[in-house]
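**Student:** Here is a sequence with its predicted model. Questions after.
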Amino acid sequence: MPTSAQVLEFLQSADGIVGKREIAKAFGLKGQEKIALKKLLKDMAEEGLIDGKRTAYHRMGGIPKVTVLKVMDIDDGQPFAIPESWSPEDGSPPPRIRIFEQKKSKGRHAALKVGDRILARTEEAGSGWTAEIMKKLPDQTEGMMGVVELDEAGKPWLAPVDKRIRTSTAISDLGAAEAGQLVMVEPAGRGPRAGVKVIEVLGDPLAPKSFSLIAISKHGIPNVFPEATLEEAQLAAKLPLSQDKREDLRHLPIVAIDPSDARDHDDAIWAEPDGEGGFNAVIAIADVSHYVRPGGALDREARKRGNSVYFPDRVVPMLPEILSADVCSLRQGEDRAAMVCHVTISATGKMTSTRFTRAIVRIDEVIAYEEAQRRIDDEEASQNLVNLWDCWKVLAAARDARDPLNLDLPERRVVLDEQGKVAEIAVRERLDAHRVVEDFMITANVAAAKALEKKTAPVVYRVHETPSREKLVALREYLETFGKKLALGQVVTPSLFNRMLKDVSDESEKAQVMEAVLRSQTQAYYGPNNAGHFGLALASYAHFTSPIRRYADLLVHRALVDAYDLEQPKPKGDIPPASGLSDKDREDLAAISDAISKTERRAMEAERDTIDRYVAAWLSGRVGETFETRITGVQSFGFFATIIGLGGDGLVPVSTLGSDYFRYDEKAQTLEGERSGKKYAPGDILELKLGEANALTGALKFVPLDSDGNPIEARGNRPQFRDRKKSGGKPGAKPKFKQGQRGRPGNIRHQGKKKR
């Protein structure tokens, strides 16, 4: 009998949906083995590993079969939800899922309300996703935040700060809060009618620094260090720099190239020619493992946080400031503990030898990216800096030969003035200086992964898997709408996507294809099992270069301490004795990797939410202006667009596109007007008028324009699209009664027996 992993591998390689007969034939199963296969497939479906109905199966993609959903809207009695956990790399909005009762449910669940959490069984239908309720889950009180508003009668309500929630919640206990203030609340009772009570007043929601505070609270990011953690940090900061098992590299003019406003410096680099066209290089990384040791209060808090979180106005660090911004940081002119990767690079950019040591380093200079680039461009650079650029050119040639995934994805940068208000929002400039550091870091990360493999030591890999079969099939179908082909019989590599993008000459079409390729990618994660890094076109990859801000890197450092026998004498005082991996951490590496993958996604969501709020605040004074936008996603209810150069996704509801009926083509990811033939697709560039900019939620709303630049007249409350399954198949006919509403129709009165 095949294992579930073998069945998944077969389904991954199969061309489309396959039946039980094909699976049995592939594994040579007969008689009783087929019965066992049937049970295995049923179990795999219940676990959410595969999807299918009795005879046809395919590997799951997108939303898990069974997952937690959060109700975000009640439309005409019909609940809609989104996945509670949703953080795709392409930043696409979560799918809107229609919720139904289980067909065989013995009893009805209490009516759902906005904010409810449910465990549901999901299914992808032709018109979108649907889900059946399995059970309601307890409310989560963490991160319940909003702004106090008063209605005409003076009754207080909690306005949401989450752009996905459209309804307000009644406040039963206002406490000392006033209208317009940002507050934290908790449920006032068990039932939905109990409302919420204010437990903390946070102040002005639009004041500087409120946007990051909202994200910290909403996502439950720990931002106050426990006293025990701070006490251990003070002790750790006083640890001496022993030269026992630590080489002295203070004579090397190592430089750190970082952002101009960086407070912590994880990495520094040095290189010199080897006389044969190659280079000897040193990549020095802050030796955080010397200070943060397994089992201590510092380690527990760092693991809980998982990573530092970066907002425009503040950083929530993984480690206390005395370590992150001082003792661990590779500061100019000061002796620092480092974990060093020594690497020899050939003239073709290949690593020919590597070794890892602990060292004492003294950074020769900390240089901003812009300044390093200026010196190179103006030919004012020292020989040390020139050597780094020359070494990078060799590494870059090897990278180009590897041909990693090349998607031109601009990064937004929010610049604040002295008062904490937005001074500028711009696309972050990519300099060669950034690429120099990036390629040195990738080299060290690969070296760390391969060194641990060679030593048969535990590795926390940075994994980016090949796109799933489902996503590739969807991409192929989408490309067919452009008249392009994607052969799934060949080995899928980043080069395949790069060539595909290179062959598209039309810039608008290229943007659409790039969006589609981005949507096809999987989410990167940490794990002890190697599946390669698809995007970087690397067989083995780990994160080694940022232990001040990433717990994954700290774990890799500890593994290197053990693998290279770099443990130093036990420190004095109340500090954990060892700096390598503990036995418990070795056993729990999979669970730890999963946990820090989740904290990474949490940080990404919080950072993205905060930037969206800053962008909305920046644009709130420009409502009514017209902007050049690009469509980023299309759904049956409308499309999302982002302002080119600024970012910030905004919705264009299908009801605002005029009197035409727009059909949603899921395969082509388009909305097409039935009469006009007008199409909207991801990647399209169009002029849109900014209709709303809500700084509190970060939500934008756009208004479509006609050919003369005037707003298109909305069609009011007409149906969004035809549904021939309703109302006897008459296109556009309204149903007789409101769907999803309990009780008798409103036009029927039940008199019953008269009382006497």
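**Tutor:** That came in fine, so what should we check first?
**Student:** Which residue ranges make up the domains of this protein?
**Tutor:** Under the assignment named as automatic domain parsing, the residue ranges that make up the domains of the chain are 4-59, 66-137, 145-205, 227-413+425-464+528-593, 469-521, 623-729.
**Student:** now those domains in JSON lines, with mean pLDDT and distance to residue 214?
**Tutor:** C-beta coordinates here come from the backbone N, C-alpha and C atoms, glycine included. As requested, these are arranged in JSON lines below (pLDDT from 0 to 100; distance: least, C-beta to C-beta, whole Å):
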{"stretch": "domain 4-59", "mean pLDDT": "71", "distance to residue 214": "33"}
{"stretch": "domain 66-137", "mean pLDDT": "74", "distance to residue 214": "17"}
{"stretch": "domain 145-205", "mean pLDDT": "86", "distance to residue 214": "5"}
{"stretch": "domain 227-413+425-464+528-593", "mean pLDDT": "96", "distance to residue 214": "10"}
{"stretch": "domain 469-521", "mean pLDDT": "84", "distance to residue 214": "28"}
{"stretch": "domain 623-729", "mean pLDDT": "82", "distance to residue 214": "8"}
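**Student:** so which of these is the most packed in?
**Tutor:** Stretch with highest mean neighbour count among those: domain 227-413+425-464+528-593 (a mean of 19; mean count of other C-beta atoms under 10 Å).
**Student:** so where do the strands sit in the stretch 451-600 of the chain?
**Tutor:** Remark: strands of the stretch 451-600 of the chain, listed N- to C-terminal, are 461-463, 525-527; assignment by DSSP state E, counting those that start in this stretch.
**Student:** so which of these comes closest to residue 237?
**Tutor:** Nearest of these to residue 237, taken as C-beta to C-beta: strand 525-527 at 27.8 Å.
**Student:** Over the closest one, what's the mean pLDDT, rounded is fine.
**Tutor:** If you average the pLDDT over strand 525-527, you get 96.
**Student:** Tell me the strands beside that strand, with direction?
**Tutor:** Taking DSSP bridges as the criterion, strand 525-527 sits next to strand 461-463 (antiparallel) in its sheet.
**Student:** name the helices or strands packed onto whichever strand or helix holds residue 415?
**Tutor:** Assigned by DSSP states H and E, residue 415 falls within strand 412-416. The criterion is 3 or more C-beta pairs under 8 Å, 6 or more residues apart in numbering; DSSP states H and E, and the helices and strands that strand 412-416 contacts are strand 422-427, helix 589-619.
**Student:** ok, of these, where does mean pLDDT dip lowest?
**Tutor:** strand 422-427 (a mean of 86).
**Student:** what does that strand contact?
**Tutor:** 410-417, 614-615, 617-618, 645-647 (C-beta atoms under 8 Å, 6 or more residues apart in numbering).
**Student:** make it 6 Å
**Tutor:** If you take C-beta atoms under 6 Å, 6 or more residues apart in numbering as the criterion, strand 422-427 is touched by 410, 413-415, 417, 614, 618, 645-646.
**Student:** Could you do stretch 23-42 as well?
**Tutor:** Defining contact as C-beta under 6 Å, 6+ apart, one finds that stretch 23-42 is touched by 1-2, 10.
**Student:** taking the residues you listed one by one, which sit in helices?
**Tutor:** Counting by DSSP state H, the part of those found in helices is residue 10.
**Student:** which one of the contacts of stretch 23-42 sits closest to residue 395?
**Tutor:** Nearest to residue 395 among those, counting by C-beta to C-beta, is residue 10 at 38.8 Å.
**Student:** Which residue, neighbours along the chain excluded, lies closest to that closest one?
**Tutor:** residue 26 (5.7 Å; C-beta to C-beta, 6 or more residues apart in numbering).
**Student:** how far away is that neighbour from residue 39?
**Tutor:** In this view, residue 26 and residue 39 are 18 Å apart by C-beta to C-beta, to the nearest Å.
**Student:** For residue 206, which residues are in contact?
**Tutor:** Taking C-beta under 6 Å, 6+ apart as the definition, contacts of residue 206 comprise residue 695.
**Student:** The same query, at a cut-off of 8 Å, please.
**Tutor:** For residue 206, the contacting residues are 617, 695-696, taking C-beta under 8 Å, 6+ apart as the criterion.
**Student:** now these in CSV, with distance to residue 340?
**Tutor:** Formatted as CSV, these follow (distance: C-beta to C-beta, whole Å):
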residue, distance to residue 340
617, 44
695, 46
696, 48
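**Student:** which among the residues you listed gets closest to residue 195?
**Tutor:** Using C-beta to C-beta, residue 696 comes nearest to residue 195 of the contacts of residue 206, at 20.3 Å.
**Student:** how close does the closest one get to residue 584?
**Tutor:** Residue 696 sits 44 Å away from residue 584, taking C-beta to C-beta as the criterion.
**Student:** Residue 467 too?
**Tutor:** 35 Å.
**Student:** try residue 155
**Tutor:** Applying C-beta to C-beta, one obtains 53 Å for the distance of residue 155 from residue 584.
**Student:** Could you do residue 654 as well?
**Tutor:** From residue 654 over to residue 584 the distance is 54 Å, taken as C-beta to C-beta.
**Student:** Could you do residue 350 as well?
**Tutor:** Here the criterion is C-beta to C-beta. By it, residue 350 lies 38 Å from residue 584.
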